[in-house]
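In: Need the 3D shape of this:
(chains A and B)
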2 protein chains.
Amino acid sequence: MVQKKIKNNTMNIYRFPTKDNWKDLVKRPVLEQQEISGLITEIFTEVEKNGDKALIEFNKKFDKANTQRISVSKEEIEDAQKQIKDELKQAILQAKENISIFHASQKQEMQKIETTQGVVCWRENRAVEKVGIYIPGGTAPLFSTVLMLAVPANLAGCKEIVLCTPPDKSGNINPAILYAAKLCGVSEIFKTGGAQAIAAMTLGTESIPQVNKIFGPGNQFVVAAKEYAQRFGVAIDMPAGPSEVLVIADEKAVPEFCAADLLSQAEHGSDSQVVFITTDLKVFNETINAVDQQIKELPRNEFAAQALENSSFILVNSLEEALEFSNLYAPEHLILAINDFEKYIPEIQNAGSVFLGNYSCESAGDYASGTNHTLPTNAYAKNYSGVSLDSFVKKITFQHLSKQGLRNLGKTIELMAEAEGLFAHKNAVSIRLK
Amino acid sequence: MVQKKIKNNTMNIYRFPTKDNWKDLVKRPVLEQQEISGLITEIFTEVEKNGDKALIEFNKKFDKANTQRISVSKEEIEDAQKQIKDELKQAILQAKENISIFHASQKQEMQKIETTQGVVCWRENRAVEKVGIYIPGGTAPLFSTVLMLAVPANLAGCKEIVLCTPPDKSGNINPAILYAAKLCGVSEIFKTGGAQAIAAMTLGTESIPQVNKIFGPGNQFVVAAKEYAQRFGVAIDMPAGPSEVLVIADEKAVPEFCAADLLSQAEHGSDSQVVFITTDLKVFNETINAVDQQIKELPRNEFAAQALENSSFILVNSLEEALEFSNLYAPEHLILAINDFEKYIPEIQNAGSVFLGNYSCESAGDYASGTNHTLPTNAYAKNYSGVSLDSFVKKITFQHLSKQGLRNLGKTIELMAEAEGLFAHKNAVSIRLK
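Out: The predicted structure is shown next:
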């Protein structure tokens, strides 16, 4: 049983839970899963059979949109440029610049290594040739995700960068999405959303190229379709779950800032996860109060209030304990609102992206600091990294053995091959050294 | 229709196929899939319910082995050391040294990047804490795969490295597997194989720790179980298919060497894929003859002969054409048995590992050159890299914004958040700059 669980309005409050209870506290709420696998299979079959025509039908059916053609025209893209205010353009440019700088810094110099005399090994990067980016429609036009995916795809050298996003009821795409796509070198943009967009990029249609890897967030249909797409040899960025933040605060933290960060996560959707952990009773109480105050001002407060129902406010004995809990939880976003955060960095084992100190709010990383906002959720930070330049390249190993190199290694290969019972492997060496 | 398809004994021979036919030639044969998903689910349920006891039962049922305990004892490991001949020990040590050198060279220095004044971003590596390695039993004791997986796991700093492998009928593990595991810092070794081993590492039992990521090859039950394991939040190395090699040869290639390489791939199993492409008619004919000759000498020639039935020998007009075909096929192993291979390296887009020149046989990379032999098959080289040090680490992004840093970026974040309709994201900045 979890100790001292108190419902404060919508928040779950835990004071000094014992470690026995942590197992329950780190659990993500189980989402109600609709049985949708049959629908996903149907959509893939329909897209395979009828291509663009199927997509146009799905636009009518699911997005109530009349779209005569699927591909976005040059005129529509040009038009979008005019609809964006200059100050938003400037903002997008600054964000793009920072994302470019940080992701370009991830290029790895590859050295040639002579492991044995005459045996030289190295790796070379090759871009994934064709990538697909999915941008959801719905309650918020996520043009920032266009930057986060198209910028590194472009830096990596992907030959084709395809973007799919659902049209609104008038059959249009949000101009900020079109502006960002053009700016970041997206090759082609298509008006299709949901599972059918994923099916189209997986199988190809008359208009939409078949891609090698699909990136981007989405609702449960998109997530299930990305899962399903892998059966056709397509790769995906990572498995997905609802977005989440864990904030660790000490006595120097500013409760209003903490509350603002918790709410900025909570507003993403009713299934968002928010965890607040502090060692300081005053900060604990004041943050809870600040959340109660700030939520009233939010236009999306109905989402935030629902998200807070899944959320935890936890008082602990020490920052070490807080970090230990955090590593068990493995949050997508981790904010260290603590004074000597440097000291605790080595303790962080499992997290997607980490925000240090009182001025590193999550929204900085969501938009413009330069780090990627496509991150592992649902405790996947234990075994996955967020999207980076690496997500858009493959690393091919190369090796060259000179005749002398093979001589230096030959006996070893022959002995090992023989011990594994693989005589043709052995013979490939022996025949060369005869 | 594929041009000039001629059956020469077991080999499929194509002379100058047109590009229209390539689509068919790059297809992997569809394997007969048994419907095994029900069985996999049953095995997971049984392991979840009965833990070690279930594994002991499965050892009896599937491996005809009596095992009173699942974990390999210290005495068994000590004993194995004595059973290995010194010259094989020396060979394993040399291979380990080369694999260590090459994988250690993959450590990436992480720089801190100031993207905007006062905004500092960087990445840090953290090892995946618990990893599981699966080593098949069956026709060959693959101790080389122990090296390929445990060496980088250890270099990465994984805290727990668990190894599962099926016992033989006497309940023992091949001593070379035990020797290699001990040598490479495997934490614990367990006698369990097949889908039940994957279930055990996914769910944990009394003896076997639950791991975060599972690596290693296996038969269709293992592959299906790794697929299924991902539903429980476990990551896997990569999707799997039968092993394959594509050899490109010019007029300077040595037919006997090419034939030996093709057969060393073919002996892996009856489903192995072998493709030979050359521009030279003499090399073409002589390689086919050499395969016919060499196969007679092989102890595993029944596998090799079956594998050759799926294989293609293709004569083309130019090396450019050969490379283009290879990129479409995306081979796990690519051998460039050509004189000026340097010139063609930039043309290679899709391949797992590449072997350059007449003395770089695949078996060098399979055992001892230093490169990893866990590589993408089945055209997954289009979107996956082989196993490397990166496979055992996650990269966490960090960011620190000073108050001035947030001021420099604040307007941008506020404008973008507002344009996305996310006002709590905006407020997290505004409240700090007030």
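In: residue closest to the middle of chain A?
Out: Nearest to the geometric centre of chain A sits residue A:374, at 2.4 Å (CA atoms, centre = their mean).
In: Which phi and psi values does that one adopt?
Out: When read as degrees, to the nearest 10, the backbone of residue A:374 gives phi -90, psi 100.
In: For it, list the residues it contacts.
Out: Contact analysis of residue A:374 by CB atoms under 8 Å, 6 or more residues apart in numbering or on different chains lists A:145, A:148, A:149, A:215, A:216, A:217, A:237, A:238, A:386, A:387. Where C-beta positions appear, they are placed from N, C-alpha and C, glycine not excepted.
In: Helix, strand or coil: sort out residue A:162 for me.
Out: Three-state assignment for residue A:162 (DSSP: H, G, I helix; E, B strand; the rest coil): strand.
In: That one: what's it in contact with?
Out: So residue A:162 contacts A:130-133, A:186-190, A:201, A:208-209, A:211 (CB under 8 Å, 6+ apart).
In: switch the cut-off to 7 Å
Out: Contact partners of residue A:162, counting by CB atoms under 7 Å, 6 or more residues apart in numbering or on different chains, are A:132, A:133, A:187, A:188, A:201, A:208, A:209, A:211.
In: distance of the nearest residue to it once chain neighbours are set aside from chain B?
Out: Excluding the flanking residues, the one nearest residue A:162 by CB to CB, 6 or more residues apart in numbering or on different chains is residue A:132, at 4.8 Å. With distances taken as CB to the nearest CB, to the nearest Å, residue A:132 is found 11 Å from chain B.
In: go on, residue A:405?
Out: From residue A:405 over to chain B the distance is 7 Å, taken as CB to the nearest CB.
In: pretty sure that residue is touching residue A:121, no?
Out: No - judged on CB atoms under 7 Å, residue A:405 makes no contact with residue A:121 at a distance of 10.5 Å.
In: Compare these two (neighbour count), which wins?
Out: residue A:121 (28 against 23; other CB atoms under 10 Å in any protein chain shown).
In: who touches that one in this structure?
Out: A:113, A:115, A:397, A:398, A:399, B:102, B:369, B:370, B:371.
In: ok, 6 Å please
Out: Residue A:121 makes contact with A:113, A:115, A:399, B:102, B:369, B:370, B:371, according to CB atoms under 6 Å, 6 or more residues apart in numbering or on different chains.
In: Just give me the closest of these to residue A:62.
Out: Of all the contacts of residue A:121, the one with the least separation from residue A:62 (CB to CB) is residue B:371, at 47.3 Å.
In: Does residue A:152 touch residue A:392 like I think?
Out: Yes - Residue A:152 is within contact range of residue A:392, at 5.5 Å (criterion: CB atoms under 6 Å).
In: And the next helix or strand past the helix or strand hosting residue A:89?
Out: Here residue A:89 sits within helix A:86-104, counting by DSSP states H and E. Once the chain leaves helix A:86-104, the next helix or strand it forms, by DSSP H and E, is strand A:113-116.
In: thinking in terms of the whole chain, how far from its middle is that following strand?
Out: Relative to the centre of its chain, strand A:113-116 is centred 37 Å away, using CA atoms, centre = their mean, to the nearest Å.
In: check whether it contacts chain B.
Out: Yes - applying CB under 6 Å from any CB of the partner chain, one finds strand A:113-116 touching chain B at A:113, A:115, A:116.
In: Could you list the residues of the stretch 201-350 of chain A in contact with chain B?
Out: Near chain B, when you scan the stretch 201-350 of chain A using CB under 6 Å from any CB, you find A:212-213, A:235, A:256-257, A:260-261, A:263-264, A:267, A:298-299, A:349.
In: Which members of those residues define the maximum pairwise distance?
Out: Pairwise distances across these peak at 46.0 Å for A:212 and A:256 (criterion: CB to CB).
In: sorry, back to before: closest to chain B out of the contacts of residue A:374?
Out: Closest approach between those and chain B, by CB to the nearest CB: residue A:386, at 6.3 Å.
In: Could I get the full set of strands for the stretch 251-400 of chain A?
Out: Secondary structure of the stretch 251-400 of chain A (DSSP state E, counting those that start in this stretch): strands located at A:273-278, A:312-315, A:333-337, A:353-356, A:393-401.
In: Let me know which of the ones you listed is the nearest to residue A:76.
Out: strand A:393-401 (31.2 Å).
In: contacting residues around stretch A:84-92?
Out: Contacting residues not belonging to stretch A:84-92 are listed as A:175, A:179, B:412, B:415, B:416, B:419 [CB under 6 Å, 6+ apart].
In: for stretch A:295-311, that is, sorry about that
Out: Here stretch A:295-311 has contacts from A:10-11, A:29, A:263, A:266-267, A:269-270, A:272-274, B:423-424, using CB under 6 Å, 6+ apart.
In: Ok, stretch A:133-143 next?
Out: A:145-146, A:149, A:163-166, A:174, A:176-177, A:180, A:193, A:197, A:215-216, A:218, B:420-422.
In: Show only the entries of the residues you listed found in helices.
Out: Applying DSSP state H to those, the entries found in helices are A:145, A:146, A:149, A:176, A:177, A:180, A:197.
In: TSV for these, including distance to residue A:52 and neighbour count?
Out: Formatted as TSV, those follow (distance: CB to CB, whole Å; neighbours: other CB atoms under 10 Å in any protein chain shown):
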residue	distance to residue A:52	neighbour count
A:145	25	25
A:146	23	28
A:149	24	30
A:176	25	23
A:177	20	23
A:180	24	30
A:197	12	33
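In: Near chain B, list only the ones from these.
Out: The residues of the ones in helices among the contacts of stretch A:133-143 that also fall near chain B, by CB under 6 Å from any CB, are residue A:176.
In: Need the ones in helices among the contacts of stretch A:133-143 in a markdown table (columns: distance to residue A:109).
Out: A markdown table is the format used below for the ones in helices among the contacts of stretch A:133-143 (distance: CB to CB, whole Å):
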| residue | distance to residue A:109 |
| --- | --- |
| A:145 | 29 |
| A:146 | 29 |
| A:149 | 25 |
| A:176 | 36 |
| A:177 | 35 |
| A:180 | 30 |
| A:197 | 37 |
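In: ok, the ones in helices among the contacts of stretch A:133-143 vs chain B, which is closest?
Out: Taking CB to the nearest CB as the measure, chain B lies nearest residue A:176 of the ones in helices among the contacts of stretch A:133-143, at 5.7 Å.
In: which residues touch the closest one?
Out: A:141, A:143, B:419.
In: hmm, try it at 8 Å
Out: A:80, A:84, A:88, A:92, A:141, A:143, B:419, B:420.
In: same deal with residue A:314?
Out: Contacts for residue A:314 were tallied using CB under 8 Å, 6+ apart; they are A:13, A:14, A:15, A:17, A:25, A:275, A:276, A:277, A:278, A:325.
In: The last one - how many residues pack around it?
Out: The criterion is other CB under 10 Å. On that basis, residue A:325 has 21 neighbouring residues.
In: if I pick it, what's in contact with it?
Out: A:22, A:25, A:26, A:277, A:314, A:316.
In: right, and the pair among those residues with maximum separation?
Out: Within the contacts of residue A:325, A:26 and A:316 form the most distant pair, 13.4 Å apart (CB to CB).
In: Between these two, tell me which one has more neighbours.
Out: Between residue A:26 and residue A:316, counted using other CB under 10 Å, residue A:316 has the larger neighbour count: 21 against 18.
In: Roughly how far does the nearest residue to that one once chain neighbours are set aside sit from chain B?
Out: Distance criterion CB to CB, 6+ apart; nearest residue to residue A:316, sequence neighbours excluded, is residue A:322 at 5.2 Å. Between residue A:322 and chain B the distance is 17 Å, computed by CB to the nearest CB.
In: Run a quick neighbour tally on residue A:322.
Out: Other residues near residue A:322 number 25, with proximity taken as other CB under 10 Å.
In: before we move on, what about residue A:349?
Out: Using other CB under 10 Å, residue A:349 has 20 neighbouring residues.
In: quick one, what contacts it?
Out: Residues in contact with residue A:349 (CB under 8 Å, 6+ apart) are A:327, B:126, B:129.
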